[in-house]
Every structure is written in structure tokens, then in C-alpha cells.
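In: Provide a 3D model corresponding to the input given below.
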Amino acid sequence: MGGVTSDLSPVLPRPTLTVGFDLDMTLIDSRPGIKAVYDRLSAETGVWIDSELAVTRLGPPLDDELANWFPAERVAEIGDLYRALYPDHAIAPTPAMRGAAEAVAAVRAGGGRPVVVTAKYGPNAELHLAHVGIEAEVRGWLWAEQKAQALIEYGASVYVGDHVGDVRGARKAGALSVAVATGPCDAAELRAAGADVVLDDLTEFPAWFAAHTSAAA
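Out: This next block holds a predicted model:
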């Protein structure tokens, strides 16, 4: 008499869906805080900085902006001063972007893990998130294609950002690029850079994410 065979296979846990977010002009409107730091930096160094102009160019690394106002041999020194001034001048004036908290909450509600991958100095990024009440792991000091390194390590399949550099980072990592037109790059620029999805802002993210995860399932 033959034995009974079972075709039941062990049920493996589904991998956690990891979603990366940029910080400046994606999760937070960092313009008021960064302007305050540039104004203080100008006062301490005696070097004029057009802070109104500087905050229209957020996204690339700090050193790129400082090079517009200081000679190359002083950029590292001034960068250190900027980061030292930052906690006392930039955190309190900086609000969350519309829909930011809800976007991160939507990832968690869908069983996912939110992470923040930013060009900003990591400890200052963490201060911002604590101030606006958003919890996420943070990887800092990564810009554009460099962000792919962290996105791959985290296993992120989606990356949300506001800059064409964020699109390039997502694409290099093989992640879906979700762009929000809330920063210095408009929707047309983001699409031209290769964004897979372009949203007006993060208030549209929860509905998109629900549809995305439903389709993936």
C-alpha cells in the first residue's frame, strides 16, 4: 500500500516592501531653516550669501552651494561651521511637507518599511524627522547616483524624491522612481529624467501606493 504524499510546501514570509524617501523638499520644506543658517553663516564669516537664491537650489550636496560663495580652500571649513550652526537655527523653522506624515504612515500600514536616503548630514536629518514626528531609518550624505548604494543595501523597490538627482539614484538602484513636483524640478523635468511616476505632492502618495501594492500582490 502506497504511502500518502503531501504537496504542501512551507509558507515563506513575504519580503518586506521597503520605500525610500528623499528629505529636503520631499518630506520637509527645509527652505526657511536653511535660509536662517545661511544668514547666520554670512553674519559669522562676513561673506555675503544670497540665501533667497541658495534655497531655490536645494538637492545637491552642501559643498556645491558653498562653492558659489567661498573659495575652494575654505569650503570644507565653512561646511563644518554650517553643520555646527544647523541644529540651533534650521530645525525649529522647518515644517513637514503636505502629506509627508501620511505618506510614511501609508507605507507602514501596507506592511512596508520607510527609509530616508538624503544628501543631508545624517544627524541633522534625524533632528528634522524627530521635530516633525516622522520615524524612519536614515542614511545621509548621499547624492544622486550615490543614493543607489543605500537603496540597494536597504532592498528598496521604490524611491520617492523631488529632484532629477533622485530619479537618477532610483534608476541606478533598479527602484521605481516616484517623483513629487514640490522641489526645484518641475513635473516635465522629472518625467524627462526618467521618473516612472510623477505626483503633484505627497498628498497623492497614499492612493498611489495602495494601487501599487494591490497590483503587485
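
In: mind giving me the packing neighbours of the one helix or strand in the chain whose mean pLDDT sits lowest?
Out: Ranked by mean pLDDT, DSSP states H and E, the helix or strand of the chain with the weakest confidence is helix 205-216, at a mean of 93. Helix 205-216 sits against helix 100-109, strand 176-180, strand 197-199, with contacts defined as 3 or more Cβ pairs under 8 Å, 6 or more residues apart in numbering; DSSP states H and E. Every C-beta, even on glycine, is put in place using the N, C-alpha and C of the backbone.

In: pull out the buried positions in the first one.
Out: It refers to helix 100-109. Within helix 100-109, the residues scored as buried using 16 or more other Cβ atoms under 10 Å are 100-101, 103-104, 106-107.

In: please apply the same query to the second one.
Out: In terms of neighbour count (16+ other Cβ under 10 Å), strand 176-180 has its buried residues at 176-180.

In: so for it, mean pLDDT?
Out: Strand 176-180 carries an average pLDDT of 98.

In: now do the following helix or strand past it: distance to the chain's middle.
Out: Scanning forward in sequence from strand 176-180 by DSSP states H and E, the next helix or strand is helix 187-192. Helix 187-192 has its C-alpha centroid displaced from the chain centroid by 18 Å (Cα atoms, centre = their mean, to the nearest Å).

In: follow-up on the earlier one: now do the least confident helix or strand of the chain against strand 176-180, angle only.
Out: Interaxial angle, helix 205-216 versus strand 176-180 (axes from the mean of the first three to the mean of the last three Cα atoms, to 10 degrees): 160 degrees.

In: and helix 205-216, what's buried?
Out: Residues of helix 205-216 classed as buried by neighbour count (16+ other Cβ under 10 Å): 205-206, 208-209, 212-213.

In: name the residues that touch that helix?
Out: Contacting residues not belonging to helix 205-216 are listed as 17, 19, 99, 102-103, 105-107, 110, 112, 158, 160, 176, 178, 180, 197, 199 [Cβ atoms under 8 Å, 6 or more residues apart in numbering].

In: and the angle from that helix to helix 100-109?
Out: Going by the same axes, to 10 degrees, helix 205-216 makes 20 degrees with helix 100-109.

In: quick one, domains of the chain?
Out: Split into domains by automatic domain parsing, the chain comes to 18-29+96-216, 31-89.

In: winner for burial among these?
Out: Highest mean neighbour count among those (mean count of other Cβ atoms under 10 Å): domain 18-29+96-216, with a mean of 20.

In: what about that domain, start to end distance?
Out: 13 Å (Cα to Cα, to the nearest Å).

In: now swap in stretch 61-73 and tell me
Out: Using Cα to Cα, the end-to-end distance of stretch 61-73 comes to 17 Å.

In: then stretch 56-72?
Out: Across stretch 56-72, first to last residue, Cα to Cα, it's 22 Å.

In: which parts of the chain are strands?
Out: 18-21, 113-117, 137-139, 156-161, 176-180, 197-199 (DSSP state E).

In: excluding chain neighbours, give the residue nearest to Val81 in space.
Out: Quick fix: residue 81 reads Leu, not Val. Closest residue in space to Leu81, ignoring its immediate chain neighbours: Leu41 at 6.5 Å, by Cβ to Cβ, 6 or more residues apart in numbering.

In: that older thread, distance to Glu126 added to the strands of the chain, as JSON lines?
Out: Below are the strands of the chain laid out as JSON lines (distance: least, Cβ to Cβ, whole Å):
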{"stretch": "strand 18-21", "distance to Glu126": "14"}
{"stretch": "strand 113-117", "distance to Glu126": "9"}
{"stretch": "strand 137-139", "distance to Glu126": "5"}
{"stretch": "strand 156-161", "distance to Glu126": "18"}
{"stretch": "strand 176-180", "distance to Glu126": "22"}
{"stretch": "strand 197-199", "distance to Glu126": "25"}
